[in-house]
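*Asks:* okay, here's the prediction I keep looking at, along with the sequence it came from:
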Number of protein chains: 2
Amino acid sequence: MNLKEEVVEKKQLYHGAIIDLERQTVRLPNGETAHREIVRHSGAVGVIAITDDERLILVKQWRAPIGQPTLEIPAGKLDDRDSTNTEHAANRELNEEIRLHAGHLEKITGFYSSVGFSDEYMTLYLATDLQPVADELPRDAGENLEIVKYRLPELKKLMATGQIQDAKTVMAVWYFELMQHQGR
Amino acid sequence: MNLKEEVVEKKQLYHGAIIDLERQTVRLPNGETAHREIVRHSGAVGVIAITDDERLILVKQWRAPIGQPTLEIPAGKLDDRDSTNTEHAANRELNEEIRLHAGHLEKITGFYSSVGFSDEYMTLYLATDLQPVADELPRDAGENLEIVKYRLPELKKLMATGQIQDAKTVMAVWYFELMQHQGR
(Lines give C-alpha, C1' and ligand atoms only; values in the text may rest on other atoms or scores of the structure.)
Protein backbone atom coordinates (compact mmCIF):
# COMPACT_ATOMS: atom_id res chain seq x y z
CA MET A 1 0.00 0.00 0.00
CA ASN A 2 1.25 3.49 -0.86
CA LEU A 3 1.20 5.48 2.38
CA LYS A 4 3.35 8.46 1.37
CA GLU A 5 1.97 11.99 1.72
CA GLU A 6 3.53 14.70 -0.47
CA VAL A 7 4.11 18.08 1.17
CA VAL A 8 2.43 20.70 -1.05
CA GLU A 9 3.06 23.71 1.17
CA LYS A 10 4.54 24.42 4.59
CA LYS A 11 4.47 27.49 6.79
CA GLN A 12 6.16 28.21 10.11
CA LEU A 13 3.52 29.67 12.43
CA TYR A 14 5.70 30.12 15.53
CA HIS A 15 9.41 30.12 16.30
CA GLY A 16 10.03 29.63 20.01
CA ALA A 17 12.75 28.86 22.55
CA ILE A 18 11.90 25.15 22.92
CA ILE A 19 9.52 24.44 20.04
CA ASP A 20 8.52 25.69 16.60
CA LEU A 21 5.06 25.22 15.11
CA GLU A 22 4.58 24.38 11.42
CA ARG A 23 1.44 23.84 9.36
CA GLN A 24 1.62 21.71 6.23
CA THR A 25 -0.75 21.10 3.35
CA VAL A 26 -0.20 17.56 2.09
CA ARG A 27 -1.44 15.50 -0.84
CA LEU A 28 -2.74 12.09 0.30
CA PRO A 29 -2.15 8.89 -1.70
CA ASN A 30 -5.74 9.18 -3.06
CA GLY A 31 -5.05 12.68 -4.44
CA GLU A 32 -7.01 14.62 -1.82
CA THR A 33 -5.36 17.32 0.28
CA ALA A 34 -5.23 17.57 4.07
CA HIS A 35 -3.56 19.74 6.73
CA ARG A 36 -0.98 18.66 9.29
CA GLU A 37 0.08 20.52 12.45
CA ILE A 38 3.67 19.81 13.44
CA VAL A 39 5.61 20.77 16.57
CA ARG A 40 9.34 20.83 15.82
CA HIS A 41 11.75 20.06 18.68
CA SER A 42 15.55 19.70 18.76
CA GLY A 43 15.42 16.28 20.45
CA ALA A 44 16.19 15.11 23.94
CA VAL A 45 17.89 12.53 26.13
CA GLY A 46 16.54 10.64 29.14
CA VAL A 47 18.65 8.69 31.63
CA ILE A 48 17.66 5.63 33.68
CA ALA A 49 20.13 6.15 36.55
CA ILE A 50 20.35 3.23 38.99
CA THR A 51 22.31 3.32 42.23
CA ASP A 52 24.52 0.48 43.48
CA ASP A 53 21.78 -0.39 46.01
CA GLU A 54 19.17 -0.81 43.26
CA ARG A 55 17.30 2.46 43.42
CA LEU A 56 16.09 4.52 40.45
CA ILE A 57 16.90 8.22 40.72
CA LEU A 58 14.08 10.65 39.90
CA VAL A 59 13.75 14.41 39.95
CA LYS A 60 10.70 16.26 41.22
CA GLN A 61 10.06 19.47 39.31
CA TRP A 62 7.27 21.85 38.35
CA ARG A 63 5.76 21.33 34.89
CA ALA A 64 3.93 24.31 33.44
CA PRO A 65 1.89 22.33 30.84
CA ILE A 66 0.02 20.53 33.63
CA GLY A 67 0.44 23.08 36.46
CA GLN A 68 1.76 20.38 38.79
CA PRO A 69 5.03 18.89 39.98
CA THR A 70 6.08 15.57 38.40
CA LEU A 71 8.47 12.73 39.19
CA GLU A 72 10.70 12.08 36.18
CA ILE A 73 13.98 10.45 35.26
CA PRO A 74 16.75 13.00 34.54
CA ALA A 75 16.27 14.33 31.02
CA GLY A 76 16.91 17.35 28.89
CA LYS A 77 16.77 18.95 25.51
CA LEU A 78 19.69 18.62 23.10
CA ASP A 79 21.58 21.82 22.45
CA ASP A 80 23.49 22.71 19.29
CA ARG A 81 26.66 20.93 20.40
CA ASP A 82 24.81 17.70 21.20
CA SER A 83 22.95 17.03 17.98
CA THR A 84 25.30 14.26 16.90
CA ASN A 85 26.42 13.37 20.42
CA THR A 86 23.54 12.37 22.66
CA GLU A 87 25.99 10.71 25.08
CA HIS A 88 27.46 14.13 25.83
CA ALA A 89 23.94 15.41 26.57
CA ALA A 90 23.22 12.43 28.84
CA ASN A 91 26.38 13.08 30.86
CA ARG A 92 25.52 16.77 31.13
CA GLU A 93 21.97 16.11 32.37
CA LEU A 94 23.29 13.62 34.96
CA ASN A 95 25.61 16.34 36.25
CA GLU A 96 23.13 19.25 36.09
CA GLU A 97 20.14 17.43 37.52
CA ILE A 98 21.44 14.81 39.96
CA ARG A 99 25.12 15.80 40.39
CA LEU A 100 26.44 12.35 39.47
CA HIS A 101 28.85 10.92 36.92
CA ALA A 102 28.18 7.51 35.34
CA GLY A 103 31.05 5.03 35.32
CA HIS A 104 28.91 3.02 32.89
CA LEU A 105 26.63 4.74 30.35
CA GLU A 106 24.80 2.61 27.79
CA LYS A 107 22.33 3.55 25.06
CA ILE A 108 19.15 1.48 25.40
CA THR A 109 16.84 2.73 22.66
CA GLY A 110 15.34 5.84 21.06
CA PHE A 111 11.83 6.93 20.16
CA TYR A 112 9.55 9.74 19.04
CA SER A 113 7.64 10.96 22.12
CA SER A 114 4.38 11.79 20.35
CA VAL A 115 4.81 11.22 16.62
CA GLY A 116 1.23 12.17 15.73
CA PHE A 117 2.05 15.87 16.08
CA SER A 118 5.73 16.25 16.99
CA ASP A 119 9.20 15.27 15.77
CA GLU A 120 10.71 15.23 19.28
CA TYR A 121 13.06 12.23 19.42
CA MET A 122 14.44 11.01 22.73
CA THR A 123 17.49 8.80 23.15
CA LEU A 124 17.27 6.73 26.34
CA TYR A 125 20.37 5.75 28.34
CA LEU A 126 21.09 3.46 31.27
CA ALA A 127 23.58 4.92 33.78
CA THR A 128 25.18 2.83 36.53
CA ASP A 129 28.38 2.91 38.64
CA LEU A 130 27.39 6.43 39.76
CA GLN A 131 29.83 8.74 41.55
CA PRO A 132 29.51 12.34 42.79
CA VAL A 133 30.77 14.82 40.19
CA ALA A 134 33.94 16.80 40.86
CA ASP A 135 32.64 19.96 39.13
CA GLU A 136 28.95 20.85 39.24
CA LEU A 137 27.62 22.38 36.01
CA PRO A 138 25.26 25.36 36.44
CA ARG A 139 21.55 24.58 36.18
CA ASP A 140 19.28 26.44 33.77
CA ALA A 141 17.63 29.57 35.24
CA GLY A 142 14.40 28.53 36.89
CA GLU A 143 15.39 24.87 37.06
CA ASN A 144 14.29 23.93 40.59
CA LEU A 145 14.70 20.26 41.37
CA GLU A 146 14.35 17.82 44.24
CA ILE A 147 16.24 14.53 43.89
CA VAL A 148 14.57 11.32 45.13
CA LYS A 149 15.42 7.59 44.89
CA TYR A 150 13.08 4.60 44.92
CA ARG A 151 13.24 0.82 44.78
CA LEU A 152 11.04 -1.10 42.34
CA PRO A 153 8.11 -1.88 44.69
CA GLU A 154 7.87 1.82 45.64
CA LEU A 155 8.02 2.83 41.96
CA LYS A 156 5.13 0.52 41.13
CA LYS A 157 3.07 2.05 43.95
CA LEU A 158 3.86 5.56 42.67
CA MET A 159 2.63 4.49 39.22
CA ALA A 160 -0.55 2.93 40.66
CA THR A 161 -1.37 6.11 42.60
CA GLY A 162 -0.65 8.42 39.64
CA GLN A 163 2.37 10.10 41.22
CA ILE A 164 4.51 8.79 38.36
CA GLN A 165 2.64 9.87 35.23
CA ASP A 166 5.42 10.71 32.78
CA ALA A 167 5.94 8.48 29.73
CA LYS A 168 9.74 8.11 29.84
CA THR A 169 9.57 7.43 33.59
CA VAL A 170 6.95 4.67 33.13
CA MET A 171 9.34 3.23 30.53
CA ALA A 172 12.19 3.43 33.04
CA VAL A 173 10.18 1.55 35.67
CA TRP A 174 9.30 -1.25 33.23
CA TYR A 175 12.89 -1.43 31.97
CA PHE A 176 14.16 -1.58 35.57
CA GLU A 177 11.68 -4.42 36.22
CA LEU A 178 12.89 -6.30 33.10
CA MET A 179 16.49 -5.90 34.31
CA GLN A 180 15.56 -7.56 37.60
CA HIS A 181 13.85 -10.46 35.78
CA GLN A 182 17.02 -10.89 33.75
CA GLY A 183 19.15 -10.85 36.92
CA ARG A 184 21.07 -7.75 35.83
CA MET B 1 11.36 22.97 48.53
CA ASN B 2 8.76 25.29 46.96
CA LEU B 3 8.57 24.36 43.28
CA LYS B 4 5.34 26.11 42.28
CA GLU B 5 5.35 28.59 39.40
CA GLU B 6 2.56 31.21 39.37
CA VAL B 7 1.04 32.01 35.97
CA VAL B 8 1.26 35.78 35.51
CA GLU B 9 -0.11 35.91 31.95
CA LYS B 10 -1.18 33.47 29.27
CA LYS B 11 -1.91 33.92 25.60
CA GLN B 12 -3.21 31.47 23.00
CA LEU B 13 -0.97 31.79 19.94
CA TYR B 14 -2.66 29.14 17.75
CA HIS B 15 -5.94 27.23 17.80
CA GLY B 16 -5.77 24.18 15.56
CA ALA B 17 -7.53 20.94 14.72
CA ILE B 18 -5.33 18.68 16.86
CA ILE B 19 -3.35 21.08 19.03
CA ASP B 20 -3.44 24.60 20.45
CA LEU B 21 -0.33 26.59 21.32
CA GLU B 22 -0.15 28.76 24.44
CA ARG B 23 2.61 31.01 25.79
CA GLN B 24 2.74 31.74 29.51
CA THR B 25 4.69 34.20 31.60
CA VAL B 26 5.32 32.64 34.99
CA ARG B 27 6.78 33.80 38.30
CA LEU B 28 9.41 31.38 39.61
CA PRO B 29 9.75 30.52 43.32
CA ASN B 30 12.71 32.95 43.54
CA GLY B 31 10.56 35.82 42.23
CA GLU B 32 12.06 35.98 38.73
CA THR B 33 9.85 35.65 35.65
CA ALA B 34 10.21 33.16 32.80
CA HIS B 35 8.30 32.08 29.69
CA ARG B 36 6.73 28.68 29.01
CA GLU B 37 5.56 27.31 25.64
CA ILE B 38 2.70 24.85 25.99
CA VAL B 39 1.06 22.59 23.40
CA ARG B 40 -2.51 21.77 24.48
CA HIS B 41 -3.98 18.43 23.34
CA SER B 42 -7.30 16.73 24.12
CA GLY B 43 -5.66 13.50 25.24
CA ALA B 44 -5.36 10.07 23.66
CA VAL B 45 -5.61 6.33 24.14
CA GLY B 46 -3.21 3.58 23.07
CA VAL B 47 -4.02 -0.13 22.97
CA ILE B 48 -1.66 -3.08 23.44
CA ALA B 49 -3.66 -5.63 21.42
CA ILE B 50 -2.40 -9.21 21.73
CA THR B 51 -3.72 -12.11 19.66
CA ASP B 52 -4.49 -15.57 21.06
CA ASP B 53 -1.28 -16.82 19.42
CA GLU B 54 0.85 -14.23 21.27
CA ARG B 55 1.37 -11.60 18.61
CA LEU B 56 1.24 -7.83 19.14
CA ILE B 57 -0.83 -5.99 16.53
CA LEU B 58 0.73 -2.86 15.01
CA VAL B 59 -0.37 -0.41 12.36
CA LYS B 60 1.93 1.02 9.72
CA GLN B 61 1.02 4.58 8.78
CA TRP B 62 2.54 7.77 7.39
CA ARG B 63 3.55 10.36 9.98
CA ALA B 64 3.91 13.92 8.69
CA PRO B 65 6.09 15.20 11.58
CA ILE B 66 8.92 12.86 10.54
CA GLY B 67 8.02 12.37 6.84
CA GLN B 68 8.19 8.59 7.23
CA PRO B 69 5.95 5.62 7.94
CA THR B 70 5.97 4.24 11.48
CA LEU B 71 4.97 1.02 13.23
CA GLU B 72 2.70 1.83 16.16
CA ILE B 73 0.15 0.24 18.44
CA PRO B 74 -3.43 1.29 17.65
CA ALA B 75 -4.05 4.72 19.16
CA GLY B 76 -6.06 7.84 18.71
CA LYS B 77 -7.08 11.20 20.03
CA LEU B 78 -10.01 11.56 22.40
CA ASP B 79 -13.02 13.32 20.97
CA ASP B 80 -15.57 15.34 22.95
CA ARG B 81 -17.65 12.31 23.87
CA ASP B 82 -14.62 10.39 25.19
CA SER B 83 -13.20 12.86 27.66
CA THR B 84 -14.50 10.98 30.68
CA ASN B 85 -14.65 7.60 28.96
CA THR B 86 -11.30 6.50 27.60
CA GLU B 87 -12.54 2.89 27.40
CA HIS B 88 -15.03 3.98 24.75
CA ALA B 89 -12.18 5.58 22.80
CA ALA B 90 -10.04 2.43 23.12
CA ASN B 91 -12.86 0.28 21.71
CA ARG B 92 -13.41 2.72 18.86
CA GLU B 93 -9.71 2.77 17.89
CA LEU B 94 -9.59 -1.04 17.94
CA ASN B 95 -12.52 -1.08 15.52
CA GLU B 96 -11.35 1.78 13.26
CA GLU B 97 -7.72 0.78 13.02
CA ILE B 98 -7.55 -3.02 13.27
CA ARG B 99 -11.24 -4.06 12.87
CA LEU B 100 -11.28 -6.09 16.09
CA HIS B 101 -13.36 -6.13 19.26
CA ALA B 102 -11.72 -6.95 22.61
CA GLY B 103 -13.45 -9.54 24.78
CA HIS B 104 -11.11 -8.35 27.54
CA LEU B 105 -10.06 -4.69 27.82
CA GLU B 106 -8.01 -3.59 30.82
CA LYS B 107 -6.52 -0.22 31.74
CA ILE B 108 -2.78 -0.57 32.40
CA THR B 109 -1.56 2.93 33.13
CA GLY B 110 -1.61 6.54 31.95
CA PHE B 111 1.07 9.14 31.29
CA TYR B 112 1.93 12.53 29.80
CA SER B 113 3.70 11.90 26.47
CA SER B 114 6.10 14.84 26.65
CA VAL B 115 5.33 16.86 29.76
CA GLY B 116 8.12 19.40 29.19
CA PHE B 117 6.04 21.19 26.55
CA SER B 118 2.67 19.43 26.22
CA ASP B 119 -0.33 18.36 28.31
CA GLU B 120 -1.13 15.38 26.05
CA TYR B 121 -2.15 12.52 28.39
CA MET B 122 -2.43 8.98 27.06
CA THR B 123 -4.34 6.17 28.76
CA LEU B 124 -2.87 2.78 27.87
CA TYR B 125 -5.03 -0.36 27.60
CA LEU B 126 -4.38 -4.08 27.17
CA ALA B 127 -6.80 -5.81 24.77
CA THR B 128 -7.06 -9.60 24.51
CA ASP B 129 -9.69 -12.17 23.43
CA LEU B 130 -9.91 -10.37 20.08
CA GLN B 131 -12.73 -11.06 17.60
CA PRO B 132 -13.57 -9.50 14.20
CA VAL B 133 -16.06 -6.65 14.54
CA ALA B 134 -19.60 -7.02 13.20
CA ASP B 135 -19.84 -3.37 12.09
CA GLU B 136 -16.77 -1.51 10.82
CA LEU B 137 -16.62 2.15 11.88
CA PRO B 138 -15.50 4.59 9.16
CA ARG B 139 -11.86 5.66 9.32
CA ASP B 140 -10.85 9.31 9.39
CA ALA B 141 -10.30 10.88 5.97
CA GLY B 142 -6.70 10.30 4.96
CA GLU B 143 -6.19 7.53 7.51
CA ASN B 144 -4.30 4.93 5.47
CA LEU B 145 -3.19 1.94 7.50
CA GLU B 146 -1.50 -1.42 7.08
CA ILE B 147 -2.08 -3.96 9.86
CA VAL B 148 0.84 -6.19 10.91
CA LYS B 149 1.41 -8.68 13.76
CA TYR B 150 4.66 -9.71 15.43
CA ARG B 151 5.89 -12.04 18.14
CA LEU B 152 8.24 -10.77 20.86
CA PRO B 153 11.58 -11.80 19.26
CA GLU B 154 10.58 -10.02 16.03
CA LEU B 155 9.49 -6.93 17.97
CA LYS B 156 12.85 -6.75 19.70
CA LYS B 157 14.60 -6.96 16.32
CA LEU B 158 12.39 -4.16 14.95
CA MET B 159 13.38 -2.01 17.95
CA ALA B 160 17.07 -2.80 17.50
CA THR B 161 16.96 -1.83 13.81
CA GLY B 162 15.00 1.38 14.46
CA GLN B 163 11.84 0.26 12.64
CA ILE B 164 9.93 0.59 15.91
CA GLN B 165 10.73 4.10 17.11
CA ASP B 166 7.50 5.27 18.70
CA ALA B 167 7.36 5.77 22.48
CA LYS B 168 4.04 4.04 23.25
CA THR B 169 5.06 1.12 21.01
CA VAL B 170 8.39 0.66 22.82
CA MET B 171 6.34 0.66 26.04
CA ALA B 172 4.04 -1.99 24.55
CA VAL B 173 7.00 -4.22 23.64
CA TRP B 174 8.46 -3.98 27.16
CA TYR B 175 5.05 -4.57 28.75
CA PHE B 176 4.52 -7.60 26.49
CA GLU B 177 7.94 -8.91 27.59
CA LEU B 178 7.04 -8.38 31.27
CA MET B 179 3.77 -10.31 30.71
CA GLN B 180 5.77 -13.25 29.35
CA HIS B 181 8.13 -13.18 32.36
CA GLN B 182 5.06 -13.26 34.60
CA GLY B 183 3.60 -16.21 32.65
CA ARG B 184 0.52 -14.22 31.60
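*Replies:* Arrived safely, thanks for sending.

*Asks:* switch to C-alpha atoms for all contacts and neighbour counts from now on
*Replies:* Fine.

*Asks:* can you list the residue ranges for strands in chain A?
*Replies:* Using DSSP state E, the strands of chain A run over A:6-15, A:19-27, A:33-41, A:44-49, A:56-63, A:68-72, A:75-77, A:100-112, A:121-132, A:146-150.

*Asks:* as TSV, those strands with mean pLDDT would be great.
*Replies:* TSV is the format used below for the strands of chain A (pLDDT from 0 to 100):
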stretch	mean pLDDT
strand A:6-15	97
strand A:19-27	98
strand A:33-41	97
strand A:44-49	98
strand A:56-63	97
strand A:68-72	97
strand A:75-77	96
strand A:100-112	98
strand A:121-132	98
strand A:146-150	97
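
*Asks:* how about the contacts made by the residue nearest the centre of chain A?
*Replies:* By C-alpha atoms, centre = their mean, chain A has its centre lying nearest to residue A:46, at 4.2 Å. Applying C-alpha atoms under 8 Å, 6 or more residues apart in numbering or on different chains, we find residue A:46 in contact with A:73, A:74, A:75, A:76, A:90, A:122, A:123, A:124, A:125, A:168.

*Asks:* skipping its backbone neighbours, what lies nearest it in space?
*Replies:* Nearest residue to residue A:46, sequence neighbours excluded (C-alpha to C-alpha, 6 or more residues apart in numbering or on different chains): residue A:75, at 4.2 Å.

*Asks:* likewise residue A:10?
*Replies:* Nearest one to residue A:10, counting by C-alpha to C-alpha, 6+ apart, is residue A:24 at 4.3 Å.

*Asks:* list the contacts for residue A:68?
*Replies:* Taking C-alpha under 8 Å, 6+ apart as the test, what residue A:68 contacts is A:62, B:4.

*Asks:* and chain A, what are its domains?
*Replies:* A:6-40, A:42-181 (automatic domain parsing).

*Asks:* re earlier: show me the one of the strands of chain A that comes nearest residue A:175.
*Replies:* Residue A:175 lies closest to strand A:44-49 among the strands of chain A, at 8.7 Å (C-alpha to C-alpha).

*Asks:* what lines up beside the closest one in the sheet?
*Replies:* Sheet pairing here is set by DSSP bridges, and for strand A:44-49 it gives strand A:75-77 (antiparallel), strand A:121-132 (parallel).

*Asks:* ok so, going back, what residues are bridge-paired with the residue nearest to residue A:10?
*Replies:* Beta-bridge partners of residue A:24, as defined by DSSP bridges: residue A:10, residue A:36.

*Asks:* widest-spaced pair of the contacts of residue A:46?
*Replies:* A:90 and A:168 (14.2 Å).
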